[in-house]
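Chemist: what's the 3D shape of this:
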Amino acid sequence: MLSDSEMPDKQHETTDLFLRKFQKELNAGTLSLVLLGVLDRAKEELYGYQIAKLLEKAGGGRTMFKQGALYPVLRGMSANGLLSSRVEPSTTGPPRRYYQITGNGRLILTKWWDAWQATRDFVDALMNAKDEK
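Modeler: Residues are numbered from 1 along each chain as shown. The predicted model follows:
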């Protein structure tokens, strides 16, 4: 296997493109789960920027999700009844939309968490399996 420094430039670009595409698809599937988890653990309603900072803190100063990607997902989950939201005027900027998980959101979180664990366990078992010939 070639190290990054041994790869030709064109192959390196292709590899980076595949990695970015894979990461984007993976993130799209996990962001909703992560957001429900954050809001389930929250002791109070949270607005988008607070959530982004919590994700950044949990990731040790970096996050796998772009802050701008949070807002459409939060709105979609709210429209689907997984979150409730309310808007509060802010004296320091635009109004803030606060989110809170609903009972239905907690039920879905449980189902998604089970699905996540089963998927993770399957992938781990497959990727860590010894070659059986």
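Chemist: Phi and psi next, for Leu83.
Modeler: For Leu83, the backbone dihedrals are phi -130, psi 150 (criterion: degrees, to the nearest 10).
Chemist: Run through this protein and note the low-pLDDT ranges.
Modeler: Residue ranges of the chain with pLDDT under 70: 1-8, 131-133.
Chemist: what about the residue nearest in space to the middle of it, distance to Ile51?
Modeler: With distances taken as Cα atoms, centre = their mean, Leu31 lies nearest the centre of the chain, 2.3 Å away. Summarising the geometry, the distance separating Leu31 from Ile51, computed by Cβ to Cβ, to the nearest Å, is 11 Å. In short, each C-beta sits where N, CA and C put it, glycine included.
Chemist: joint contacts of the two?
Modeler: Overlap between the contact sets of Leu31 and Ile51, as judged by Cβ atoms under 8 Å, 6 or more residues apart in numbering, is given by Leu70.
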